[in-house]
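Trainee: fold the following and give me the result.
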Amino acid sequence: MPDDGNEYTNPVIRYIMDDGGFIYLDGELVLAVNMPAGSSDTYLAVASNTTNTETHLREAPLNLAPGTLTGGNVESSLTGNTTVEKQVLSLLPGEHTIAVSLHNYKNDSSDLFLALQVQAGEPKCVMTVTVSDVVLNDGGTPSNPVDDTISFTVNVTATGEFGETWKILAPDSATHEAGGAYGTDVEISGIPIGEFASGSLNLTIEDADDPLCYTAATVSAPQIIATDLRTGTAVSVNTFPGSDTTGWVINGLERTIMMNNPGGGPWQLTSELINLSSSREVLFSGVLQIDDSSSGTEDVDTFLASLIIDGDIDNPVNLITPHDTVLPDGILSGAELAPAPGSFTLELNHLIPRSARSVQLVIEALNNSASEIFTVRDLVFSQPGGNAPRTPLLVERVGDNLIFTWPSGTGSLYNLRSVAENFSQDPFEWPIFADHASIVATPPENTLTVPLPLDPTRLFVIESFPAPPVSTYFDDFENGVGQWETGSDGAEGTVWELGVPTSGPVESFSPASCFATNLGGNYSADANVWLRSPPIDLTGAQGATLRFAHYYDIEAPETVAPFTVYDFGQLSILDAADDSELALLVPALADFINDWEEISFALPPNALDKVIRIEFRLISDDVAFLPGWYVDDVQVTIP
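Mentor: Predicted coordinates for the structure are as follows:
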């Protein structure tokens, strides 16, 4: 401290420390950084974790009471990782000694990092920062975002006592030590896109002469969310400049947008404005993937995606309408997102008419469930017939007839749509021509003959869509055991029984019978009982879905890490030839539900084109015994 006779109050230590350690001031321990409670500064002591230890600047005021948790970063919304060991209200003028003992997270860790600064006294200036002209530079490789950089302009003004220049304090950033004169625009360029992995970059800006005079600034970078393939070259589509991306995790390298229980919401994400003035019709395509690890639907979670064409925000084009089937309100919710545990994908497609001059993509979601993940991926703007998949439709005139030919695939149906006017209308909204709807596929090619229309001009398009599933197996257990088999690999006392339950749900899903692990009571100790279906022939099937109703009341897992499971159910797909396991659909079903629920699983590829069996298995330990697992109405459909 300056030896000027003044006492310097409210000392603060600013630091980046990887992974953790102890900070001493004048020989006394003042801070324990990222160390377990009660740790001693010994050779064997290890830090608590590595979360944000080498990438974020933190601050720890020393004027706090001993035991206080500090060392956070307000601008980065980081919680503290430091405990105050001794309170220091002020520093006397003259020399002081700082000592630091660094500790790794584990014994075989190979890196250490330390940057540290001590401040004391009151700031003599107030700074204001303006960030503008944030630009994403593709490095001349638009299809390779790895080498992308960000440039932006910073203008800093100050009042009070300050020097002639300012600088950036960010030891872990390429912006470190960049700066310039007050009141002038300073361009900062060449910042790697990797520094904006969270969507923004937090900077500390301080006076070049007085480190007590400092402030924080946030640079929000355009983030890549989609690809424009209209010209045949992959061009990045970014978020709208300055738009808020709160709630979303954006991976610009993979062009994915993910949400998983961010809290609050709903959270909206908007793309930049895409100029379509030089384009003919444009096909927008994308995929919404929902991964649900729970056994029930999340009724409060919602998802909406739309296109704003020519700035008409009052009439957005809803992209999820085809999937909005349970409650047709224009929003995906509940079972429309995920009707059961598993992974579900929904296509987001729309043909933008050639009359459109601009388009923006808007996505809005609410996700307050830790067990449900939304991933939006493969978002592409392309020219139909160019870079996007499209079914070719060949037309030949023979006499007074038109003969249409197109490639077809198993499991698809087709509609022939046509218009003689309003050609700019979305082809998927054209009326069905002459009742040629739901045409069954005749792979590898379909042919259709229609009378030659009298109109001077008429356009046709063939629309394909998946055929509804066909049931290849169903049993509601009203006709006895049949070819179902039961057995035990554990202790006696628990069996799969068929009949009317008097425990658990007290009734079957569809009257009157179901299978249950003891129809009239709880399962017993050390159970390992299985229920196997008859052989189900999926030879030649390219897709299949297992559906059934179930109720379960099984000992719940521990509620704290590592969330130990004691009793659990398993759902497997077996090879009927030798009962070997082809797929484990549910590894550990535990806890309970209030009533029967219907559930479905898309069978994985290694369970297709085979003769399979379905196995339900319950395993218990020797502590708690509950009603168990009840199964009814088992069905397999294809595709």
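
Trainee: and stretch 239-251, average pLDDT?
Mentor: Mean pLDDT, stretch 239-251: 81.

Trainee: contacting residues around that stretch?
Mentor: Residues outside stretch 239-251 that contact it (CB atoms under 8 Å, 6 or more residues apart in numbering): 134, 199, 220, 222-225, 256-260, 262, 264-265, 267-273, 360, 365, 367. Every C-beta, even on glycine, is put in place using the N, C-alpha and C of the backbone.

Trainee: make it 6 Å
Mentor: Residues from elsewhere that reach stretch 239-251 (CB atoms under 6 Å, 6 or more residues apart in numbering): 199, 222-223, 225, 257-259, 262, 265, 267, 269-270, 272.

Trainee: go on, stretch 291-307?
Mentor: If you take CB under 6 Å, 6+ apart as the criterion, stretch 291-307 is touched by 316-320, 331-335, 338, 341, 343, 348, 350, 359, 362-369, 371-373.

Trainee: now do stretch 163-173
Mentor: In contact with stretch 163-173 (CB under 6 Å, 6+ apart) are residues 16, 55, 115, 156, 175-179, 181, 195, 203-209.

Trainee: report the buried residues of it.
Mentor: By 16 or more other CB atoms under 10 Å, the buried positions in stretch 163-173 come out as 166-171, 173.

Trainee: could you list the low-pLDDT ranges of the stretch 51-200 of the chain?
Mentor: Applying pLDDT under 70 to the stretch 51-200 of the chain picks out residues 52-55, 74-77, 110, 139-146, 197-199.

Trainee: now the strands for it?
Mentor: Listed in chain order, the strands of the stretch 51-200 of the chain (DSSP state E, counting those that start in this stretch) span 58-61, 69-70, 82-84, 90-91, 98-103, 113-119, 125-137, 149-160, 165-169, 179-181, 186-192, 200-207.

Trainee: chain neighbours aside, what residue packs nearest to residue 107?
Mentor: residue 46 (7.2 Å; CB to CB, 6 or more residues apart in numbering).

Trainee: run a quick neighbour tally on that neighbour.
Mentor: Neighbourhood size, residue 46 [other CB atoms under 10 Å]: 16.

Trainee: quick check: residue 452 vs residue 445, distance?
Mentor: Distance of residue 452 to residue 445, given as CB to CB, to the nearest Å: 22 Å.

Trainee: residue ranges of the helices in the chain, please?
Mentor: In the chain, no helices are defined using DSSP state H.

Trainee: how does it divide into domains?
Mentor: For the chain, the structural domains run 8-119, 125-220, 224-382, 394-466, 472-638, going by automatic domain parsing.

Trainee: closest to residue 2 out of those domains?
Mentor: Closest approach to residue 2 among the domains of the chain (CB to CB): domain 8-119, 6.1 Å.

Trainee: now do the closest one: distance to the chain's middle.
Mentor: Chain-centre distance of domain 8-119: 34 Å, with CA atoms, centre = their mean, to the nearest Å.

Trainee: measure that domain end to end?
Mentor: Chord length of domain 8-119, first to last residue, is 9 Å (CA to CA, to the nearest Å).

Trainee: re earlier: are any of the contacts of stretch 291-307 buried, and which?
Mentor: Listed as buried from the contacts of stretch 291-307 are 316-317, 319-320, 331-335, 338, 341, 348, 350, 359, 362-369, 372-373; burial here means 16+ other CB under 10 Å.

Trainee: can you get me a residue count around residue 475?
Mentor: Residue crowding around residue 475 was assessed by other CB under 10 Å; the count is 19.

Trainee: which strand residues bridge it?
Mentor: In this entry, residue 475 is beta-bridged to residue 634, by DSSP bridges.

Trainee: right, and it touches residue 633 too?
Mentor: No - with contact defined as CB atoms under 6 Å, residue 475 does not count as touching residue 633 (7.7 Å).

Trainee: how many neighbours does residue 406 have?
Mentor: When neighbours are defined as other CB under 10 Å, residue 406 has 19 of them.

Trainee: ok, it touching residue 462?
Mentor: Yes - counting by CB under 6 Å, residue 462 is a contact partner of residue 406 at 5.2 Å.

Trainee: which ones among the buried ones among the contacts of stretch 291-307 lie within strands?
Mentor: 317, 332-333, 350, 359, 362-366, 372-373 (DSSP state E).

Trainee: residues near residue 534, how many?
Mentor: Neighbour count of residue 534, defined by other CB under 10 Å: 13.

Trainee: now the residue lying closest to it once chain neighbours are set aside: how far from residue 532?
Mentor: Ranked by CB to CB, 6+ apart and with sequence neighbours excluded, the top spatial neighbour of residue 534 is residue 483, at 3.5 Å. Counting by CB to CB, the separation of residue 483 from residue 532 is 9 Å.

Trainee: residue 606 contacts residue 582, correct?
Mentor: Yes - under the criterion of CB under 6 Å, residue 606 is in contact with residue 582, at a separation of 5.5 Å.

Trainee: contact partners for residue 430?
Mentor: Residue 430 sits next to 417, 419 when contact means CB under 6 Å, 6+ apart.

Trainee: do you know how far it is from residue 317?
Mentor: Taken as CB to CB, the span from residue 430 to residue 317 is 16 Å.

Trainee: can you check residue 398 too?
Mentor: Distance from residue 398 to residue 317, by CB to CB: 39 Å.

Trainee: cool, and residue 78?
Mentor: Residue 78 is 40 Å from residue 317, by CB to CB.

Trainee: with residue 576 instead?
Mentor: 47 Å.

Trainee: cool, residue 477 as well?
Mentor: Distance, residue 477 to residue 317, by CB to CB: 46 Å.

Trainee: same thing with residue 328?
Mentor: From residue 328 across to residue 317, the span is 16 Å (CB to CB).

Trainee: and residue 176, by the same measure?
Mentor: 45 Å.

Trainee: what about residue 202, how many neighbours?
Mentor: 19.

Trainee: residues in a beta bridge with it, which ones?
Mentor: Residue 202 has these beta-bridge partners by DSSP bridges: residue 218.

Trainee: give me the pLDDT for it.
Mentor: Reading off the confidence values, residue 202 has pLDDT 83.
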